[in-house]
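> give me a model of this one.
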Amino acid sequence: MAHDLSLAQSHAFQLCRDLMVPITLFKSGDEFGVLPSDELDDEDDLEIVHEYFPRGSH
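Predicted coordinates:
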């Protein structure tokens, strides 16, 4: 988790490119985090900020 949005965005973009899977950038409380999109559950109490898609898959 990170408190800096630009750092979290950079990590999400790079993770998406490395893993070639959709990555979700989310906010929980006052921190930002990233996870592969398929690991998130609808019941998670997270604010979705952005979803990154690998080139060619969206």
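
> for Val34, phi and psi?
Reported as degrees, to the nearest 10, the phi and psi values for Val34 are phi -130, psi 140.

> correct me, but it touches Leu25?
Yes: in this structure, Val34 sits in contact with Leu25. The criterion is Cβ atoms under 8 Å, and the distance is 5.3 Å. From N, CA and C alone the C-beta is placed, and that goes for glycine too.

> identify the contacts common to those two.
Shared contacts of Val34 and Leu25, defined by Cβ atoms under 8 Å, 6 or more residues apart in numbering, are found at 8, 12.

> low-confidence ranges in the protein?
Scanning the chain for pLDDT under 70 picks out the ranges 56-58.

> for it, just list every one of the strands.
Taking DSSP state E as the criterion, the chain carries its strands at 23-28, 31-36, 47-52.

> pull out the buried positions in the first one.
Buried residues in strand 23-28, counted by 16 or more other Cβ atoms under 10 Å: 23-26.

> any idea how far it is from the chain center?
Between the centre of strand 23-28 and the centre of its host chain there is 4 Å, according to Cα atoms, centre = their mean, to the nearest Å.

> same check, this time on the last one
Here strand 47-52 shows a centroid-to-chain-centroid distance of 6 Å under the convention Cα atoms, centre = their mean.

> buried stuff in that strand?
Along strand 47-52, the positions that meet the burial threshold by neighbour count (16+ other Cβ under 10 Å) are 49, 52.

> give me the helices and strands touching it, please.
In terms of contact count using 3 or more Cβ pairs under 8 Å, 6 or more residues apart in numbering; DSSP states H and E, strand 47-52 is assigned the packing partners helix 5-19, strand 23-28.

> give me the angle between it and strand 31-36.
Angle, strand 47-52 to strand 31-36, by axes from the mean of the first three to the mean of the last three Cα atoms, to 10 degrees: 40 degrees.
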